[in-house]
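**Student:** Sequence first, predicted model second:
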Amino acid sequence: MDTMKLLSILPVKRVTGTVPSTVTDIAVDSRAVNAGGIFVCIEGFTVDGHKFVEKAVDNGARVVIASKLVDVNLEKVAVVMVDDTSRAIGLLVSEFYGYPSKRLTMIGVTGTNGKTSVSGIIHSILQQAGESSAVSGTIGFDLDGTLYETENTTTDVLTTQGMIARAALEGCSTMTMEVSSHGLAEGRLAGTEFDIAIFTNLTHDHLDFHGTMDSYGQAKGLLFSQLGQDLRQRKFAVLNADDEWYGRMKALTPYPVLTYGIQNDAVFRGSNIILGVEGTTFMLSAPDGDFHVKMKLIGEFSVYNALAAIAALFAKGMATVDIIGYLAKTSSVKGRMEKVPTDLPLTMYIDYAHSPDAIEKAIAAVLPYKKNKLIFVIGTGGNRDRKKRPIMAEKASVADYVVLTTDDPRDEPYESILAELEAGMQHDDYACVGDRVAAVRHAVSVAEHDDIIIFAGKGHEDFQIIGSEKYPHSDADIALEEAERKFGTGLVGK
Ligand SMILES: CC(=O)N[C@H]1[C@@H](OP(=O)(O)OP(=O)(O)OC[C@H]2O[C@@H](n3ccc(=O)[nH]c3=O)[C@H](O)[C@@H]2O)O[C@H](CO)[C@@H](O)[C@@H]1O[C@H](C)C(=O)N[C@@H](C)C(=O)N[C@H](CCC(=O)O)C(=O)O
Ligand SMILES: Nc1ncnc2c1ncn2[C@@H]1O[C@H](COP(=O)(O)OP(=O)(O)OP(=O)(O)O)[C@@H](O)[C@H]1O
């Protein structure tokens, strides 16, 4: 790409050195620089990217974008000084990729819980409808059926624009993105134009990063305020009318709002909900009629997720009757109240609940058909939001027996994680087992016929982070092995 044309979009303070006529690509990581590329120095939470300029130049960078003085050989390299490199990267990358989000329908999903589930439902329905669709989020980047690993739920701006460009290039008509509050607060969505923005809910989480619920909510709200002001564009906000943040999210955008909910009046409203062990049915009132909906997803929270997905797909132009036809065949997203396949005499679910509200909702999903004990394994990560721990245990106390453990302990000792969880327990039927493998085994060892066990916290993840190392881990495999030992054979496959 023509270097001067690309640089002309930056509010440049000063350019020194030798500007190459063209550049090949852009990198924010010195280790990912390619010959003839641009290296942008980002001041991170851990290190300052300005420290890696030498390495970047060694790897072939020919332009360095910096906000501090850097020491390079100006005969080989151009140094472009700007005020704020984190903002500069958004501008550069969007220009470099040619604003790819304008070439497909972009759906953004934000909220404390339900982002992966709602995105997964939308993606599944679009694929069943024969559309090629991409989705990015906690599970990775799914490009019409091929899954690529990603570092974050909402990736850095460079990766984000790259993924959208790839999805557009491969002919995807829609890309659904999980939009985290961190991603919004850190500008990882710069240059991404959404057509439909969905809000699921806002409850306690991530206060280590945001400080207060107010600033957490404000960060989520950026998805709606950033929808824009050009009302000639067909854009929609899809909002949960039952969430107390609904009014504040609505106030942030001038675009039409499609509401969904169960308790309050809503454009897409679910009623007469029947929760079953194998699925859920409900009546749906929608702008194009009333419908009886049957789906395999369990729990009232899944009704909310389904309503959000239905409203977004309706906004995109699908008829409700078609959407619910595909919804009937949609399975739960990996690791979200996913039943462990076994014909042993107990029911086990793998779930990703790691916030107080998600724990409450996961438990509520199985209570209607509990025949004997409900055992709940609750894990929380080390070196992360500590304030939520006792509240998580308080919510888990609705279960008859609770196993307190860790999910990714990172560098934090088991003792402090367990003590802070234990402080919230409302009854004495619980055990503290720091090592998650032992905790999963313990939960199965205390189970009896007809019990339900929910293993929460790891969901789709097939690893555990202990210290700074990733170790292979599967709650389902450990649980099945232990259950078989206890109850005899009966595995029907993994
Ligand atoms: C707190 C936070 O947001 N951290 C993110 C941040 O990392 P950081 O600021 O520590 O980066 P850094 O290591 O200081 O590096 C600074 C710069 O130096 C560069 N560098 C570094 C080393 C080197 O050798 N050469 C080099 O050039 C880096 O590429 C970077 O540009 O930038 C990284 C790259 O974009 C992110 O991966 C990282 O997310 C970390 C892994 C993380 O845990 N983030 C969490 C808090 C998060 O964002 N979570 C939300 C989901 C929440 C949810 O809903 O559950 C998410 O969207 O994932
Ligand atoms: N709408 C919802 N309301 C409350 N809890 C939910 C909802 N949807 C899912 N959950 C619970 O939250 C857990 C996480 O769900 P999901 O992965 O869809 O949310 P998420 O917003 O993507 O979370 P994360 O950002 O942590 O990945 C599920 O395993 C389930 O227990």
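**Tutor:** Nice, I can see it. Numbers count the residues shown, from 1 in each chain. Ligands and ions are numbered 1, 2, ... in the order given.
**Student:** and residue 50, how far is that from residue 44?
**Tutor:** 10 Å (C-beta to C-beta, to the nearest Å). Glycine gets a C-beta too; all of them are placed from N, C-alpha and C.
**Student:** Just checking, which helix or strand of this protein averages the lowest pLDDT?
**Tutor:** Ranked by mean pLDDT, DSSP states H and E, the weakest helix or strand in the chain is helix 207-210, scoring a mean of 80.
**Student:** So which elements touch that helix?
**Tutor:** The helices and strands touching helix 207-210, judged by 3 or more C-beta pairs under 8 Å, 6 or more residues apart in numbering; DSSP states H and E, are helix 181-185, helix 213-225.
**Student:** Beyond the longest helix along the chain, next helix or strand please.
**Tutor:** Counting residues, the longest helix found in the chain (DSSP state H) is helix 300-316. The helix or strand immediately downstream of helix 300-316 is helix 320-327, counting by DSSP states H and E.
**Student:** which other helices and strands contact that next one?
**Tutor:** helix 115-128, strand 280-286, strand 289-295, helix 300-316.
**Student:** relative orientation of it and helix 115-128 in degrees?
**Tutor:** 100 degrees (axes from the mean of the first three to the mean of the last three C-alpha atoms, to 10 degrees).
**Student:** Checking the helix or strand just after helix 320-327 against ligand 2, do any of its residues make contact.
**Tutor:** Reading on from helix 320-327 to the C-terminus, the next helix or strand found by DSSP H and E is strand 338-339. No. For strand 338-339, no contact with ligand 2 is found by C-beta under 6 Å from any ligand atom; the gap never falls below 8.7 Å.
**Student:** Give me the more crowded residue out of residue 50 and residue 44.
**Tutor:** residue 50 (17 against 11; other C-beta atoms under 10 Å).
**Student:** Over to the more buried one: give its phi and psi.
**Tutor:** In terms of degrees, to the nearest 10, the main-chain angles of residue 50 are phi -60, psi -20.
**Student:** Adjust the sequence numbering to begin at 47 for everything that follows.
**Tutor:** In the new count, where the first residue is 47, that last one comes out as residue 96.
**Student:** so it sits right up against residue 89, yeah?
**Tutor:** Yes. Judged on C-beta atoms under 8 Å, residue 96 makes contact with residue 89 at a distance of 7.2 Å.
**Student:** intersection of neighbour lists for these two?
**Tutor:** Taking C-beta atoms under 8 Å, 6 or more residues apart in numbering as the contact rule, residue 96 and residue 89 both touch residue 113.
**Student:** Near ligand 2, which residues of the stretch 397-540 of the chain? Just list them.
**Tutor:** Residues of the stretch 397-540 of the chain lying near ligand 2 (C-beta under 6 Å from any ligand atom): 397-399, 403-404, 407-408, 505.
**Student:** Neighbour-wise, give me the winner out of those residues.
**Tutor:** For these, the largest number of neighbours (other C-beta under 10 Å) sits with residue 399, at 29 neighbours.
**Student:** part of a helix, is that residue?
**Tutor:** No. Under DSSP: H, G, I helix; E, B strand; the rest coil, residue 399 falls outside any helix and is assigned coil.
**Student:** Domains in this protein, by residue range?
**Tutor:** Taking automatic domain parsing as the criterion, the chain consists of the domains 49-143, 146-373, 384-533.
**Student:** wait, does the first one contact ligand 1?
**Tutor:** Yes. Using C-beta under 6 Å from any ligand atom, domain 49-143 reaches ligand 1 at 74-77, 88, 90-93, 95, 98.
**Student:** low pLDDT regions in this protein?
**Tutor:** Along the chain, segments meeting pLDDT under 70 span 535-540.
**Student:** at 50 instead, please
**Tutor:** 537-540 (pLDDT under 50).
**Student:** returning to that earlier point: of the helices and strands packed on helix 366-373, which approaches ligand 1 most closely?
**Tutor:** Closest to ligand 1 of the helices and strands packed on helix 366-373, according to C-beta to the nearest ligand atom: helix 161-174, at 6.7 Å.
**Student:** returning to what we had before: residues of the least confident helix or strand of the chain that come out buried?
**Tutor:** If you call a residue buried by 16 or more other C-beta atoms under 10 Å, then helix 253-256 has these buried ones: 253, 255-256.
**Student:** so how far is residue 132 from the residue of the chain found nearest ligand 1?
**Tutor:** In the chain, the residue that lies nearest ligand 1 is residue 90 (2.1 Å; C-beta to the nearest ligand atom). Distance of residue 90 to residue 132, computed by C-beta to C-beta: 10 Å.
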